[in-house]
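[1] Have a look; sequence and predicted model below, questions after that.
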Amino acid sequence: MTKKRLGIFLLFCMDMISIIILLQCAMVIRKNILPYFSHFPSFPPINFTFFWWVFPVWLFFFVYEGLYTKRLSFWDEVKTLWKAAFFSTLGVFTILYLGKFGEHVSRTVLVLMGIISFPLFPILRINVKKFLIWTGLLKSKVLIIGAGKTGELIFNAFKKDPNFGLNVVGFLDDDPDKIGKKIKGIRIHGGVEKAQKYIGKSGIEDVVIAMPGCEKSKVISLINKLQYKTQNILLIPDLFGITVLGTNLQHFFQEQAIGLEVKNNLARPVNIFVKKIFDIIVSFAIFIVFAVPMSIIALLIRISSQGPAIFSQERIGKNDRRFKCYKFRTMYTDAEERFNKFLGNNPDAQNEWRNYWKLRNDPRTTKIGNFLRRTSLDELPQIFNVLKGDMSLVGPRPVTKREIDEYYKDNAKLCFGVPPGITGLWQVSGRSNTSYDYRIALDSWYVRNWNLWLDIVILLKTVKTVINQEGAV
């Protein structure tokens, strides 16, 4: 506990330093950069200590949002930091106007501080936290009770996201066939009833109960015994496959019961409107940024091979509506002849096409087409589909009628009750390295769990995936 308190204190100090950095950056931009682009009055020669009252406001919202007490995944922490930065900026302006000293403070500096905090603060804080976890100051020992598939799944989740700061030190299970074995180097111990002893000896702070098939009375008894021995208990219920994002916990105090409220987010008119506005604003911004590169790509395609720069294919959109999906042309005009000849002479390619509907060494693609596919630049014209309303920035993959009838089947109504997307969970989860069935599962999960933050995360991960060319064909 002493080490953890020290880690939290150091994280608090680094947050103070980060706020100073943000404020100093905002002052430099206001004083030395903005006057070149617009007429601004001369910046008064004041020190950043003049803004001392800003610090408690920001730190208050950090504490309020649980940034020193909650264990958050990487993306949840980014979301919480952005939320805290937004409300901190609002809080600063509220104090500014209630205190009636707005004329004496540069409002431009405060706005700039809020703006640059969105990209800069997560980078600073998460890397500092990563270092403190690496040193052990913000790392907690975890015991997983249950060494079955669920226990291994949770173990993998902790390993994939070190931002949780959870170090699994052992498994407990009553199955004699599992006792003494290891899961990725972590030993499985026997006797769930011995959990209290292990916790006391090993200094374990968090316990995960991953026994979804266990009797209810045994689980309740185990929780009641361990609740006062540990800081946190995470119970994994047997509810795999249901919606998880946006699911609320309802409490019924007198009955001593809880319930999970599962929402259909994309059935709400407000959410549909928000998603649509988000699509239009971001798509328009992307078009402005890529207008010149798109023109150059179109010119290179026309020069390198015969045929139009952009072609369209019929795809199935929302509610079974057909539309023309735009792409940069990446194939030769005699693509079908080349394709049939290649498949006829290559059985391995036939299996690859049957499983993934893609080929790594596709004989139909041009040289510039290979580059466009690897970088996903061939899909840039779909921005026009989004602006027309045929597609969304994020959503299920646009497919043909044949694919729906042959593969999606019962999942079609769910997946295509929303507009298809330029990108989606499939593109950031291995892309062509994943099977078609897994792709359908990802599309289904996205629709059932949609929220705006999920779209933002997928877009940010898409940028990383494209840059690293992960799973690209």
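    Perfect, I can see it now.

[2] Please name the nearest non-neighbouring residue to residue 462.
    Nearest residue to residue 462 in three dimensions, chain neighbours excluded: residue 423, at 4.4 Å (C-beta to C-beta, 6 or more residues apart in numbering). Where you see a C-beta, it was placed from the backbone N, CA and C, and this is true even at glycine.

[3] Where does pLDDT dip in the stretch 1-150 of the chain?
    1, 40-50, 99-104 (pLDDT under 70).

[4] List the beta-bridge partners for the residue nearest to residue 462.
    residue 394 (DSSP bridges).

[5] Who are the contact partners of residue 411?
    Taking C-beta atoms under 8 Å, 6 or more residues apart in numbering, we find residue 411 in contact with 440, 443-444.

[6] Sort out for me which of those residues are in helices.
    440, 443-444 (DSSP state H).

[7] Name the member of the residues you listed with the most neighbours.
    residue 443 (25 neighbours; other C-beta atoms under 10 Å).

[8] Need the per-residue pLDDT for that residue.
    As predicted, residue 443 sits at a pLDDT of 87.

[9] quick one: it from residue 451, how far?
    Distance of residue 443 to residue 451, given as C-beta to C-beta, to the nearest Å: 16 Å.

[10] now do residue 286
    From residue 286 over to residue 451 the distance is 21 Å, taken as C-beta to C-beta.

[11] show me what contacts the spatially closest residue to residue 143 that is not a sequence neighbour?
    In space, and not counting its chain neighbours, residue 143 is closest to residue 204: 4.7 Å by C-beta to C-beta, 6+ apart. For residue 204, the contacting residues are 141-143, 169, 198, 230, by C-beta under 8 Å, 6+ apart.

[12] repeat for residue 18
    120-121, 124-125, 128.

[13] mind putting the contacts of residue 204 in JSON lines, distance to residue 326, secondary structure and neighbour count included?
    Shown next, in JSON lines, are these (distance: C-beta to C-beta, whole Å; DSSP: H, G, I helix; E, B strand; the rest coil; neighbours: other C-beta atoms under 10 Å):
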{"residue": "141", "distance to residue 326": "53", "secondary structure": "strand", "neighbour count": "16"}
{"residue": "142", "distance to residue 326": "49", "secondary structure": "strand", "neighbour count": "23"}
{"residue": "143", "distance to residue 326": "53", "secondary structure": "strand", "neighbour count": "22"}
{"residue": "169", "distance to residue 326": "53", "secondary structure": "strand", "neighbour count": "16"}
{"residue": "198", "distance to residue 326": "59", "secondary structure": "helix", "neighbour count": "17"}
{"residue": "230", "distance to residue 326": "55", "secondary structure": "coil", "neighbour count": "17"}
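
[14] Residue 389: which of those residues is nearest?
    Set against residue 389, the nearest of the contacts of residue 204 by C-beta to C-beta is residue 142 (47.3 Å).

[15] Tell me the bridge partners for that closest one.
    Under the criterion used (DSSP bridges), residue 142 bridges to residue 168, residue 206.

[16] Residue 395 versus that one, what's the distance?
    The value you get for residue 142 to residue 395, if C-beta to C-beta is used, is 36 Å.

[17] again, but for residue 203
    Shown here: residue 203 relative to residue 395, a distance of 47 Å by C-beta to C-beta.

[18] do the same with residue 374
    From residue 374 to residue 395 the distance is 23 Å (C-beta to C-beta).

[19] what's the offset of stretch 59-66 from the middle of its chain?
    22 Å (C-alpha atoms, centre = their mean, to the nearest Å).

[20] Would you mind extracting the C-alpha trace of it into PDB?
    Output in PDB follows, covering the C-alpha atoms of stretch 59-66 (Å, rounded to 0.1, in the frame of the first residue of the first chain):
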ATOM      1  CA  LEU A  59      -7.000  18.700 -10.500                       C
ATOM      2  CA  PHE A  60     -10.500  18.800  -9.000                       C
ATOM      3  CA  PHE A  61     -11.900  17.300 -12.100                       C
ATOM      4  CA  PHE A  62      -9.100  14.700 -12.300                       C
ATOM      5  CA  VAL A  63     -10.000  13.600  -8.800                       C
ATOM      6  CA  TYR A  64     -13.800  13.800  -9.500                       C
ATOM      7  CA  GLU A  65     -13.400  11.500 -12.600                       C
ATOM      8  CA  GLY A  66     -11.500   8.900 -10.500                       C
END
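
[21] Pull out the buried residues from it.
    By neighbour count on 16 or more other C-beta atoms under 10 Å, the buried set for stretch 59-66 is 59, 61-62, 65.

[22] Now the two most distant members of those residues.
    Spatial extent of the buried residues of stretch 59-66 (C-beta to C-beta) is set by the pair 59 and 65 at 10.9 Å.

[23] Now the element after the lengthiest helix in the chain, going C-ward?
    Counting residues, the longest helix found in the chain (DSSP H) is helix 269-304. Using DSSP states H and E, the next helix or strand after helix 269-304 towards the C-terminus is strand 310-316.

[24] Quick one: residues in contact with that next one.
    298, 322-329, 381, 398-401, 404, 416, 420.

[25] Select from these every entry located in strands.
    Of these, the ones assigned to strands by DSSP state E are 322-328.

[26] Of those residues, keep whichever come out buried.
    323, 325-328.

[27] Can you tell me which of these is nearest residue 389?
    residue 323 (9.1 Å).

[28] ok, and the closest non-adjacent residue to that closest one?
    Closest residue to residue 323 apart from its sequence neighbours, by C-beta to C-beta, 6+ apart: residue 390 at 4.1 Å.

[29] Run through the residues that contact residue 307.
    So residue 307 contacts 301, 329, 332-333 (C-beta under 8 Å, 6+ apart).

[30] Of these - the most surrounded one?
    That'd be residue 329 among those, by other C-beta under 10 Å, with 24 neighbours.

[31] May I have the phi/psi pair for it?
    For residue 329, the backbone dihedrals are phi -70, psi 120 (criterion: degrees, to the nearest 10).

[32] what's near enough to touch it?
    Neighbour list for residue 329: 301, 307-311, 366, 369 [criterion: C-beta under 8 Å, 6+ apart].

[33] What distance do you get for it to residue 373?
    To residue 373, residue 329 is 11 Å away according to C-beta to C-beta.

[34] try residue 336
    Distance from residue 336 to residue 373, by C-beta to C-beta: 18 Å.

[35] again, but for residue 233
    Taking C-beta to C-beta, one finds residue 233 at 48 Å from residue 373.

[36] more crowded one of the two?
    Ranked by neighbour count (other C-beta under 10 Å), residue 233 and residue 373 place residue 373 first, with 22 against 15.

[37] hang on, the earlier thing: could you check which of residue 374 and residue 395 is surrounded by more residues?
    residue 395 (29 against 13).

[38] thinking again about what came up before, between which two of the contacts of residue 204 is the distance greatest?
    Largest separation among the contacts of residue 204 by C-beta to C-beta: 169 and 230, giving 12.9 Å.
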